[in-house]
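J.: for reference, the sequence and a predicted model appear below.
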Amino acid sequence: MLLKNVLWEDAPANILIKGNLISKVSRDPIDVSPGEEVLDCTGKAVIPGFVNTHTHAAMIMLRGINEDLTLYQWLDKVWASEAKMDGEFIYWGTKVACLEMIKSGTTTFNDQYWYPSHARKAAVEMGLRPAVSFIFLDSQDPKMAAMQRIACQKLYEKSLDWGTKSLFTISIHSVYTVTEENILWAADFARDRGLRIHMHLAETAQEDKDCRLQHGGLSPTEYFDALGIFGPDVIAAHCLFLSDKDIRILGDHKVSCVHNINSNLKLASGYQFRFKELQEAGANVCLGTDGAASSNTVDMLEHMRNSALVQKAWRKDPAALPLGELLASATANGARALGLNAGEIKEGMLADLSLIDLGGTAFISPAPTLANLVYAAHSDVITDVMVGGKWAMRDRQVPNEAEILSEARKVLKQI
């Protein structure tokens, strides 16, 4: 397929897709073979697909029902609802989340939620690329910890038949919900098999305080470091309460640190995410939406805008988080965190991209396209989404949308 006359980095270009890869990007005309599709993209721009590096996809079914609560109050209510969920609930809930992610330009998401086989099946059917995990969350119960180790091994063996359209990862929920034995076991299990490790880290002041009381004055970051958990294979969500030492640790180990602005603001966990310091220390800084039960959307464009605005505000610096760094945090950095050859419009990369309609009021000025996309437009300007060379959405239409919403409403009755 040839994407012809598409605006790329504010100049017309032609992009040739072969198989699941971007084969050629050129400002000059590209010849195509007979029978190859040519799509005239005049009036549209192209951007890389967004990579949502931390979410709980099916939690979108709990959106708006637990408002105005602190994190720990919120968790108590969410866990009570989750106890009633089954695989079918997660399957349809994940499909609802995928609908919203596709329509807002996400092509890959890093999920941490229950019934990962069902979540993976739903996402792959929708045409997205999911990373799903076995979650270690044993509530500090040794018997549950032992059961989870057995369950993890079984799920990993099952994942070997999943093929290349999805990723399997290991999640260590947090410092306060997992026994030390399981933290160590999970990290070793993941590394022996080349899997990513996904965790919550330093999300609240209470987490930091409790960890220091329980572990000899060590912060959550220092504690995980003492256990030897960190490395470039670790994806750590939130990372809000970090000392200078914590930042050096995360940077030295090349950890991928995920900023979750909406959830952090909504639960009043904090807002002074140290993007610049983490980046300068050597960490790979990414963006994620968290679950829609706390962030209320899985729309990465909204989270990009809010991340940039809040950085500028609390630093009192309008130059904080420039557009190029912002886009990278939502695309290439997330792909790097997951070990994917994606996140850029570049020859040899996975053909994960979105087309943007430039005909509306948001793009009337001669400003850079990215500036107007982030600060003026909404995600409904995204008309087409491609994942690995295949369309997940064309002209704002996603297959089977009505059925997905209907079935999701049915399973919602159980909780």
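T.: That came through fine.
J.: report pLDDT for the residue sitting nearest the centre point of the chain.
T.: If you average the C-alpha coordinates of the chain and look for the closest C-alpha using Cα atoms, centre = their mean, you land on residue 52, 1.9 Å from that point. pLDDT, residue 52: 98.
J.: report the contact partners of the nearest residue in space to it that is not next to it in sequence.
T.: Excluding its sequence neighbours, the residue lying closest to residue 52 (Cβ to Cβ, 6 or more residues apart in numbering) is residue 109, at 4.1 Å. Where you see a C-beta, it was placed from the backbone N, CA and C, and this is true even at glycine. Residue 109 makes contact with 51, 52, 53, 55, 57, 101, 123, 128, 129, 130, 131, 298, according to Cβ atoms under 8 Å, 6 or more residues apart in numbering.
J.: what is the subsequent helix or strand relative to the host helix or strand of residue 73?
T.: Secondary structure from DSSP states H and E places residue 73 in helix 71-82. Moving toward the C-terminus from helix 71-82, the first helix or strand encountered (DSSP H and E) is helix 87-103.
J.: name the helices or strands packed onto that next one?
T.: In this structure, helix 87-103 packs against helix 116-126, strand 382-387, strand 390-393, helix 401-412, with contacts taken as 3 or more Cβ pairs under 8 Å, 6 or more residues apart in numbering; DSSP states H and E.
J.: next structured bit after that helix?
T.: Note on helix 87-103: by DSSP H and E, the next helix or strand toward the C-terminus is strand 106-111.
J.: who does that next one pair with, and is each partner parallel or antiparallel?
T.: With DSSP bridges as the test, strand 106-111 is paired with strand 50-55 (parallel), strand 129-136 (parallel).
J.: could you check the angle strand 382-387 makes with that strand?
T.: Angle between the axes of strand 106-111 and strand 382-387 is 60 degrees (criterion: axes from the mean of the first three to the mean of the last three Cα atoms, to 10 degrees).
J.: need the CA coordinates for strand 106-111. CSV is fine.
T.: Extracted as CSV, the C-alpha positions of strand 106-111 are listed here (Å, rounded to 0.1, in the frame of the first residue of the first chain):
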residue,chain,number,x,y,z
THR,A,106,-3.3,4.0,20.1
THR,A,107,-1.8,1.0,18.4
THR,A,108,-0.1,-0.8,21.3
PHE,A,109,-1.0,-0.9,25.0
ASN,A,110,0.8,-2.4,28.0
ASP,A,111,-2.0,-3.9,30.2
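J.: and it, how far from the chain's centre?
T.: With Cα atoms, centre = their mean, to the nearest Å as the basis, strand 106-111 stands 5 Å off its chain's centre.
J.: just stretch 185-204 next, same as before
T.: On Cα atoms, centre = their mean, the centre of stretch 185-204 falls 16 Å from that of its chain.
J.: now do it, average pLDDT.
T.: Computed over stretch 185-204, the average pLDDT equals 98.
J.: next, the buried residues of that stretch.
T.: Neighbour-count burial for stretch 185-204, counted by 16 or more other Cβ atoms under 10 Å, picks out 185-187, 189-190, 195-204.
J.: and what of stretch 308-324?
T.: Residues of stretch 308-324 classed as buried by neighbour count (16+ other Cβ under 10 Å): 308, 310, 311, 320, 321, 323.
J.: just the residues contacting it, thanks.
T.: The contact list for stretch 308-324 (Cβ under 8 Å, 6+ apart) reads 261, 265, 271-273, 275-276, 307, 326, 368, 370-371, 374-375.
J.: okay, now the unreliable bits of this protein?
T.: Within the chain, the set of residues satisfying pLDDT under 70 is empty.
J.: who's in contact with residue 220?
T.: By Cβ under 8 Å, 6+ apart, residue 220 lies in contact with 174, 175, 201, 202, 207, 208, 211, 241.
J.: first-to-last residue distance for stretch 279-288?
T.: Terminal residues of stretch 279-288 are spaced 16 Å apart (Cα to Cα, to the nearest Å).
J.: swap in stretch 110-129?
T.: The straight-line separation of the ends of stretch 110-129 (Cα to Cα) is 9 Å.
J.: can we start the residue count at 240 from this point?
T.: Will do, 240 is the new start, and the previous item becomes stretch 349-368.
J.: buried set for it?
T.: When neighbours are counted by 16+ other Cβ under 10 Å, the buried residues of stretch 349-368 are found to be 349-363, 365-368.
J.: still on that earlier bit, columns secondary structure on top of the contacts of stretch 547-563, output as a markdown table?
T.: Putting the contacts of stretch 547-563 into a markdown table (DSSP: H, G, I helix; E, B strand; the rest coil) gives the following:
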| residue | secondary structure |
| --- | --- |
| 500 | helix |
| 504 | helix |
| 510 | coil |
| 511 | coil |
| 512 | coil |
| 514 | helix |
| 515 | helix |
| 546 | helix |
| 565 | helix |
| 607 | coil |
| 609 | helix |
| 610 | helix |
| 613 | helix |
| 614 | helix |
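J.: farthest-apart pair in those, please.
T.: Pairwise distances across the contacts of stretch 547-563 (Cβ to Cβ) peak at 27.8 Å, for the pair 511 and 607.
J.: just to revisit the earlier point, where's the residue nearest to residue 291 relative to residue 651, distance?
T.: The spacing between residue 348 and residue 651, counted by Cβ to Cβ, to the nearest Å, is 21 Å.
J.: what strand or helix carries residue 442?
T.: Per DSSP H and E: residue 442 is located in neither a helix nor a strand.
J.: do I have it right that it meets residue 414?
T.: No. Applying Cβ atoms under 8 Å, one finds residue 442 not in contact with residue 414, separated by 9.8 Å.
J.: tell me the secondary structure at residue 278.
T.: Secondary structure of residue 278, reduced to three states by three-state DSSP: strand.
J.: now it, nearest residue through space, not along the chain?
T.: Using Cβ to Cβ, 6+ apart and skipping residues adjacent in sequence, the residue nearest residue 278 is residue 242, 5.5 Å away.
J.: isn't there a strand covering that neighbour?
T.: Yes. With three-state DSSP as the criterion, residue 242 is assigned to a strand.
J.: noted, bye for now.
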